[in-house]
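Asks: Pasting the sequence and the predicted coordinates here, then a few questions.
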Amino acid sequence: MASENTLTAQATGPRLLACLSDQTSAQAIRDFAAAQRWRNAAIVDGGVVAAHGQLQQNTAPNLLIVDIDDAEDPVQALYALADLCPPEMSVIAIGHRNDLNLYRDLMELGVTDYLPKPITVAALERSLRRGKRGSGGGATEETNKAQVITLMGARGGVGTTTVAAGLAWCIAHLHHRSVALLDLDLHFGNLALSLDLVPGPGLREALEYPARMDARLLGSAMLHESPQLRVLAAEEPLIDQPSVTAAAADAVLSVLRADCDFIIVDLPRHLDEIVRRMITIGTTVGVVTDLSLAAARDTLRLAEFNKVLSPTAKHVVIANQVGAAHRGEVGRTEFERVVGLNLDLAIPFEPQTALTTSSTGTALPAALRNSKAAAEIGAFATLLCGAEVPAKRSLLPTKFLPSLPGWLKRSA
């Protein structure tokens, strides 16, 4: 593994030095640095010995990640390294040994954290947060204030994009919050089209090269529905296969959080790296569904999947197009019984509303503000903004279907 300076010294965060002995760890560090948008990270061959040489010859970094596998006595080796480490520098040690006594010894020595291999981006992020808490770095938490809302359809055609656009419009125009709306379906997404906007190539470039991402690059890709509502969307040629990793999710959200109150992400129905990462990061994770039998099965599977990836998020199930009998709809009671969850939102099917929305290129609540569907979306936006919504009866029908096929009763 050759020594390298990953990018130029135009950092927006602390400088990172990583002294490593294997390629797998090096790639994890690269992804981690890209997620943090650190542009002057350096990765060099070797472990503690290499770190000693680097600290003797160069300015001390803010964060040192050092591989201790090459040290016969890791504690003694890091103790000898301590004289070169300024008090404000964080040190994360990594290695193959999963030894509680070693961990305790390193903590007593003053190491920020010890991570057994293989290391992951998520584990490094947790260690970084621990280091900030230990150094009184709570002021850095301002970048985490924005709510991240992810929405995925249980089935194709359930109206996830309609819900995402309507929710974003209500938060931006009725509650006067700054909203970023992100469509991650780079080939078939129609979020921009639903708001009468024309997508450009900027989003793909930003996602494919997360280490280069900054406010200026992402700003050039943004489409402006209004000063409060900005949209990131693409329409890539079908022959192309954009290469997007999980690090892109962290990079784009890090930029958007700087000046957005809400980030709403319309997720495609394929569970690749960036989709999984977005769900993990989400503060509110939603599944949009109709009340059909097939959608009930996949709503159950997605809801359980989301809770595994993001156990601390608020999880919601949104019923859309309620009352569209041609979709093979079942009743609310039976749907909730099969899924094992209560529906959090019910958006009724109104043919005239759908026609007006599609023909005018505006969000549903903007096209027909007095419709019942707009009222449901608006009530959800109000709850997300922390306001109270008057109690009202559900708009969901309560017809009951006495029996369901056996495959629906299986868990995911």
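Replies: Sure, I can see it.
Asks: so where's the stretch 1-150 of the chain uncertain?
Replies: Confidence mapping of the stretch 1-150 of the chain against pLDDT under 70 gives the ranges 1-14, 39, 130-144.
Asks: show me where it has strands.
Replies: Remark: strands assigned in the stretch 1-150 of the chain by DSSP state E, counting those that start in this stretch are 4-5, 16-20, 42-45, 63-67, 90-95, 113-116, 147-153.
Asks: now swap in the stretch 301-412 of the chain and tell me
Replies: Per DSSP E, counting those that start in this stretch, the stretch 301-412 of the chain carries strands over the ranges 314-322, 345-348.
Asks: What is the last one packed up against?
Replies: The contact analysis (3 or more Cβ pairs under 8 Å, 6 or more residues apart in numbering; DSSP states H and E) places strand 345-348 against strand 314-322, helix 372-384. Where C-beta positions appear, they are placed from N, C-alpha and C, glycine not excepted.
Asks: And that strand, how far out from the chain middle?
Replies: The gap between where strand 345-348 is centred and where its chain is centred comes out at 25 Å by Cα atoms, centre = their mean, to the nearest Å.
Asks: cool, the longest one as well?
Replies: Relative to its chain's centre, strand 314-322 lies at 19 Å (Cα atoms, centre = their mean).
Asks: Same question for it: list its buried residues.
Replies: When burial is assessed from 16 or more other Cβ atoms under 10 Å, strand 314-322 yields the following buried residues: 315-322.
Asks: In this structure residue 214 contacts residue 206, no?
Replies: No - Residue 214 is beyond contact range of residue 206, at 9.2 Å (criterion: Cβ atoms under 8 Å).
Asks: quick one, which of the helices and strands packed on strand 345-348 is nearest to residue 109?
Replies: Among the helices and strands packed on strand 345-348, strand 314-322 comes nearest to residue 109, with 39.5 Å by Cβ to Cβ.
Asks: ok, the closest one: who's next to it in the sheet?
Replies: The pairing partners recorded for strand 314-322 under DSSP bridges are strand 284-289 (parallel), strand 345-348 (parallel).
Asks: mind putting the strands of the stretch 301-412 of the chain in CSV, mean pLDDT and distance to residue 50 included?
Replies: Supplementary listing: the strands of the stretch 301-412 of the chain in CSV, determined by pLDDT from 0 to 100; distance: least, Cβ to Cβ, whole Å:
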stretch, mean pLDDT, distance to residue 50
strand 314-322, 89, 45
strand 345-348, 86, 55
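Asks: need those strands in a markdown table with distance to residue 338, can you?
Replies: What follows is the strands of the stretch 301-412 of the chain, written out as a markdown table (distance: least, Cβ to Cβ, whole Å):
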| stretch | distance to residue 338 |
| --- | --- |
| strand 314-322 | 12 |
| strand 345-348 | 16 |
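Asks: Looking at the ones you listed, spot the one closest to residue 302.
Replies: The closest of the strands of the stretch 301-412 of the chain to residue 302 is strand 314-322. By Cβ to Cβ, the value is 9.1 Å.
Asks: Can you give me the neighbour number for residue 118?
Replies: Other residues lying near residue 118 total 12 when counted by other Cβ atoms under 10 Å.
Asks: Distance check, the nearest residue to it once chain neighbours are set aside against residue 115.
Replies: Beyond its immediate neighbours in the sequence, the residue positioned closest to residue 118 (Cβ to Cβ, 6 or more residues apart in numbering) is residue 24, lying 5.8 Å away. According to Cβ to Cβ, to the nearest Å, residue 24 stands 13 Å off from residue 115.
Asks: Show me which of those two is the more surrounded one.
Replies: Here residue 24 and residue 115 are set side by side on neighbour count (other Cβ under 10 Å), and the busier one is residue 115, at 20 against 11.
Asks: number of nearby residues for the spatially closest residue to that one that is not a sequence neighbour?
Replies: For residue 115, ignoring the flanking residues on the chain, the nearest one in space by Cβ to Cβ, 6+ apart is residue 94 at 4.9 Å. Around residue 94 there are 28 other residues, counting by other Cβ under 10 Å.
Asks: ok, residue 94 touching residue 119?
Replies: Yes - with contacts defined as Cβ under 8 Å, residue 94 counts as touching residue 119 at a distance of 5.5 Å.
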